[in-house]
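Novice: I would like the atomic coordinates for the input below:
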Amino acid sequence: MVSKVKPYKNSDLGKKEQVIQMFDNISGDYDGLNRVISFGIDIQWRKKVVKLVEKTNPKSILDIATGTGDLAIALAKTNANKIIGLDISSGMLDIGKQKIIKKELQETIEMVLGDSENMPFEDNTFDAITVAFGIRNFETLEKGLSEILRVLKPNGIFVILETSVPTKRPYKQGYKAYTKYILPVIGKLFSKDRSAYAYLSESASVFPYGDALNNILTEIGFINVKDFPQTLGVATIYTSTKK
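Specialist: The predicted structure is shown next:
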């Protein structure tokens, strides 16, 4: 999928390199800004993801684009034997590792530096795979999803949590105004990297959601694809499985 989003900062870099640079730059601010931008509702969305995964009793979980590890840490409640958090930003992973040590989850959660579009795992490795607010940063969406399908075990569950756009008035207009005008201002006030949150808001507004993303997942080869809009449609949880 070709990105419609303007380059983050340096147009001489590819999208992947720009994403690495961006998240390294904002890693120290990321958790706090997430709470502010989502009014803390993102915590509840992650809890719903955990419940969906927990129902499948997974032994091994991969959390892609794990960032600072919020979802990976929450997934420890599933009692999985092993959870791997994968991310291309070493800065984000460093913050996550500190959080994992603080919660004494080092035996369960391993943070791995790696590319979601070329993962260092064997075929059919994980019982469950999750990605929260990360797939819109894939350089090539279809390639990343194909890699996820490859490393997911047959009958395994794949859960996506991603931003979406409300479809009903007046929420649609309110969301567009918030992401276009307010979110970048918040980023400028609280983050040293002013370009990052302008990029994140724009990428959220143009990324496929609902039926559009369902269709892409189906084309890649996932089955039982379902979507569950959250909070008036500002985010959506997608679930699917592998034959």
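
Novice: separation between Lys77 and Gly69?
Specialist: Counting by Cβ to Cβ, to the nearest Å, the gap from Lys77 to Gly69 is 14 Å. C-beta: built from backbone N, CA, C; applies to glycine.

Novice: Please identify which of those two sits among more neighbours.
Specialist: With neighbours defined as other Cβ atoms under 10 Å, Lys77 and Gly69 compare such that Gly69 has more, 26 against 12.

Novice: For the nearest residue to that one once chain neighbours are set aside, which residues are in contact?
Specialist: Distances taken as Cβ to Cβ, 6 or more residues apart in numbering put Gly96 closest to Gly69, at 3.2 Å, once the chain neighbours are dropped. Neighbour list for Gly96: Thr66, Gly67, Thr68, Gly69, Ala72, Gly85, Asp87, Met111 [criterion: Cβ atoms under 8 Å, 6 or more residues apart in numbering].

Novice: now do 6 Å
Specialist: Going by Cβ atoms under 6 Å, 6 or more residues apart in numbering, Gly96 touches Thr68, Gly69, Met111.

Novice: Dump those into JSON lines; add pLDDT, secondary structure and distance to Lys47 as well.
Specialist: JSON lines is the format used below for the contacts of Gly96 (pLDDT from 0 to 100; DSSP: H, G, I helix; E, B strand; the rest coil; distance: Cβ to Cβ, whole Å):
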{"residue": "Thr68", "pLDDT": "96", "secondary structure": "coil", "distance to Lys47": "17"}
{"residue": "Gly69", "pLDDT": "97", "secondary structure": "coil", "distance to Lys47": "15"}
{"residue": "Met111", "pLDDT": "98", "secondary structure": "strand", "distance to Lys47": "21"}
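
Novice: what's the closest of those to Val206?
Specialist: Closest approach between the contacts of Gly96 and Val206, by Cβ to Cβ: Thr68, at 24.9 Å.

Novice: ok, the closest one touching Met92?
Specialist: Yes - contact criterion Cβ atoms under 6 Å: Thr68 and Met92 qualify, at 5.4 Å.

Novice: Could you tell me which ranges of this structure sit under the pLDDT cut-off?
Specialist: Where the chain drops to pLDDT under 70, the residues are 1-13, 187-188, 190-198.

Novice: one more time with 50, if that's ok
Specialist: Applying pLDDT under 50 to the chain flags residues 1-8.

Novice: would you list every one of the helices in this structure?
Specialist: Here the chain has its helices, by DSSP state H, at 15-26, 30-38, 41-54, 70-74, 90-102, 141-151, 171-177, 183-190, 194-206, 211-220.

Novice: which one of these has the most crowded surroundings?
Specialist: Mean neighbour counts were compared across the helices of the chain using mean count of other Cβ atoms under 10 Å; the top stretch is helix 70-74, at a mean of 24.

Novice: got a list of contacts for that helix?
Specialist: Residues from elsewhere that reach helix 70-74, judged by Cβ under 6 Å, 6+ apart: Arg46, Val50, Asp63, Thr66, Ile83, Gly85, Ile109, Thr130, Ala132.
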